[in-house]
Every structure is written in structure tokens, then in C-alpha cells.
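Participant: pasting the structure only:
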């Protein structure tokens, strides 16, 4: 296929360095201290103008030595843990940020949808922003007018077309921004996790549109935490870790590699290094254990009992906590099942700064390796979401000692059978 070998993006030796400045953490300082310190820093600058204070700055490489070729028509998923460099790479590809080292060659117009609100002017109406965005992409007024009705229909915000977008909800914002980015026919469409805003029907509509954009020979770059979505949309995936490219290839293989290496690792003091991917963190999960096993592998039979204990701490005042647990396949990241405390009409009213919540259930999942995520809601607001926290294995046996019978399906239920 001639499309497959036609590079539209070439990334060579790309690096991005940030300089992090640390404030001196002192106690209360007097006016006299401030004067003395200010004078001292002026004298230091005069004596040695070229050397900035070493102890207060730290270099951080968000990306290093990245080489990547993306072909026309590729739908590339970028996966990796928080802090892997995904957003930095997208910002450089979208020309929002300059690279520190290396270079990028782009062929064609780039439309990017990175954060809710980028590219829109809050005081202008939805209608005016459609024309403004089209102009920024280099389209003529006639071209934009031809696409206008299609954009409005897709975004479902027709009623609010002449309202300033600062009054839009985040869902409406994303609908319109995505509709504009996808319909103004850029050669390269870059989409970050923003599709997590809005309802699932609209997300599916967006994925369908991105697939269509890719099949029309345009290039889509997509970052998501949702492995099932990456698998559904992308024909290629690349795995980033600590700012470097680990591998690129078929999405299923990349996801399996990511899942295998992403379950929370122990830090030096024996605590888990959890990935908190969402939430306002008024409360957070600090530790999770399965079947009271703190070290070593958790193995259960089919229909065997699983007990999950979650320790949490309260960071800011909060009235109620509702916990949930998700069970993913370790091979694909797909969510196979979930448990929600609210289904039991129960929630936690925190009385102390720390506490533990337990949930027990009979395992209904077939043999294989699995990983759990867990989190807290406060009614409809996400408070904390710990991704891929702990793993467990379901062995090829039933809890009554019978041999495993290779039954079909991913789960099996023990029904109440009677005549």
C-alpha cells in the first residue's frame, strides 16, 4: 500500500528539557533577612553573572533521544504511564512547545485537541470560533462555510451557537472543539485524553469519526489511558516510559507489554508507587491488599473468595466516600468486571484522617492473569483513581477441588439451581 510508506511526521533525536526551580524553604523571614538575601544575590550576580544558583534549579528531561516515523493514514496510539512524556510529545508535534534538541518534519496542516479550551477564544461565540479556528488552520471562508453545517450537526450545540463559549460546559466545549478539528480536513489530527469528557455515545461518535479520518488517508495521533479504545481505533501504538520510546508496533502487543510492566512497583520503603490518574485528591487510596497477602503472588481458584482491603487517607474535608474496584485483563487492559460500593446502598462517612474499607466476593473470572484499579467517588465527583494497582492470578482449578473443564466465556456464575 503506497500510503504505508509515505512519512508525514519524522521525529529525529527529539529531546525536551525543563528547568525546575525550587524555592528555598525557610521558616518565617524578617524584612531584614529579605534585604540581606536580596543584596547578596545582586552581589553574586555582579561577581559571577554566568552561574545561576545551582542548588535551586534542577534539570528534568521530559523527552530524550526520541526517533519516530509516522506514515500517512496511520492511526497511532501513544501509551505510557503518567509522566512518560506523552503530553510533551503532543505539544511539540502541535507546535505549542519548542523542542530542546532534535527536529521534527511535518507534512501538512495539523489540528490538535489537547486540553479543553485550547484554540477557542472564550469571549467569542461558537459560530465565530468555528471561523477563527478554520482561519488558523489556513482555510478560506468558503471552505469553512461548506463544512459549517456538518460541524454544527456533529457537535450537537446548535442551540448555543451564538453564545460566548466561556458559558459552555466542558462537555459542550469538547464537542465543538472536536467537531471543528475533525471536519476542517487537517492532514494530521492530534487528540489527547480530552475525549474522556462527555458521554460514552459521543465518545463512540468521535472514535468513528477518527477512524473515518484515518481511512481517508489522513493521520491520527491519539493519547489515551483507555487501552480498549486504543485497540479499537489504532493500527499502530508506541509505548513511552520516562521520556524515551520503548517500542512501536501492533496495538495488542504494545498494550500487553505496557500492562505487564505497569502494575504498581514497590518503592524503597516497601510502599507501593501507585499511579493516581484522576480525581481532586480530597481523599486518596494509600494501600491495597488482596486476600491479606502483602508480599508474594495472590492466586485464587475459580469461585474462590477474593478480599480486597483498601486503606485511605483524608487530605481535605469531605462528607462521603464511595469506593469502586475495576478488574482488567493483564493481557489487554480490557475491563472485565467492576464492583461499586454504591450498589450496596453504602458509603463511608470519614470520622478519622485514615481508615480501611474491605470488600469480599466470589471470583467468577476464568483462569489467567488480572490486575485491579480502584478509586473513590463523592457522589458524581471523582476523588481518586488508582490505576493498575495490584495483580492476581486465577488458577486452572475450582474452589471445590474439581479439575478445570476449559469452559467458554471470560466469566462464569454459580447460579441457584432448583426444580
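Facilitator: It's in. Since the structure is predicted, the reported quantities are computational estimates derived from the model, not experimental observations.
Participant: and residue 229, that's in a strand?
Facilitator: No - judged by DSSP: H, G, I helix; E, B strand; the rest coil, residue 229 forms no part of a strand; its state is helix.
Participant: chain center to stretch 232-247: distance?
Facilitator: Computed by C-alpha atoms, centre = their mean, to the nearest Å, the chain-centroid distance of stretch 232-247 equals 13 Å.
Participant: Show me what that stretch is in contact with.
Facilitator: 16, 61-68, 74-81, 83-86, 88-89, 207, 210-211, 214, 220, 222, 230, 248-251, 254-255, 257-258, 261 (C-beta atoms under 8 Å, 6 or more residues apart in numbering). In this view, the C-beta of every residue, glycine as well, is placed from N, C-alpha and C.
Participant: run the last query once more with 6 Å
Facilitator: Outside stretch 232-247, the residues that touch it by C-beta atoms under 6 Å, 6 or more residues apart in numbering are 61-64, 66, 74-80, 84-86, 207, 210, 230, 248, 251, 254, 258.
Participant: Next, the buried residues of the helix or strand residue 67 falls within.
Facilitator: Using DSSP states H and E, residue 67 sits in strand 57-71. Neighbour-count burial for strand 57-71, with 16 or more other C-beta atoms under 10 Å as criterion, is recorded at 61, 62, 63, 64, 66, 68, 70, 71.
Participant: And for stretch 238-250?
Facilitator: 238, 239, 240, 241, 243, 244, 245, 246, 248.
Participant: ok, now stretch 392-402?
Facilitator: 392, 394, 397, 398.
Participant: Looking at these, spot the one nearest residue 374.
Facilitator: Nearest to residue 374 out of the buried residues of stretch 392-402 is residue 392 (C-beta to C-beta; 13.0 Å).
Participant: Please identify which helix or strand holds that closest one.
Facilitator: Judged by DSSP H and E, residue 392 forms part of strand 381-398.
Participant: average pLDDT across that strand?
Facilitator: The pLDDT scores in strand 381-398 average 92.
Participant: which residues are contacting it?
Facilitator: 262-264, 274-285, 288, 290, 298-303, 365, 367-376, 404.
Participant: Just the ones in strands from the buried residues of stretch 238-250, please.
Facilitator: Counted as lying in strands by DSSP state E, out of those, are 238, 239, 240, 241, 244, 245, 246, 248.
Participant: immediately after the helix or strand containing residue 208, which helix or strand?
Facilitator: Here residue 208 is covered by helix 200-215, with elements defined by DSSP H and E. Next along the chain after helix 200-215, taking DSSP H and E as the criterion, comes strand 219-223.
Participant: List the buried residues for that next one?
Facilitator: For strand 219-223, by 16+ other C-beta under 10 Å, it's 219, 220, 221, 222, 223.
Participant: angle of that strand against strand 57-71?
Facilitator: Here the directions of strand 219-223 and strand 57-71 differ by 140 degrees (axes from the mean of the first three to the mean of the last three C-alpha atoms, to 10 degrees).
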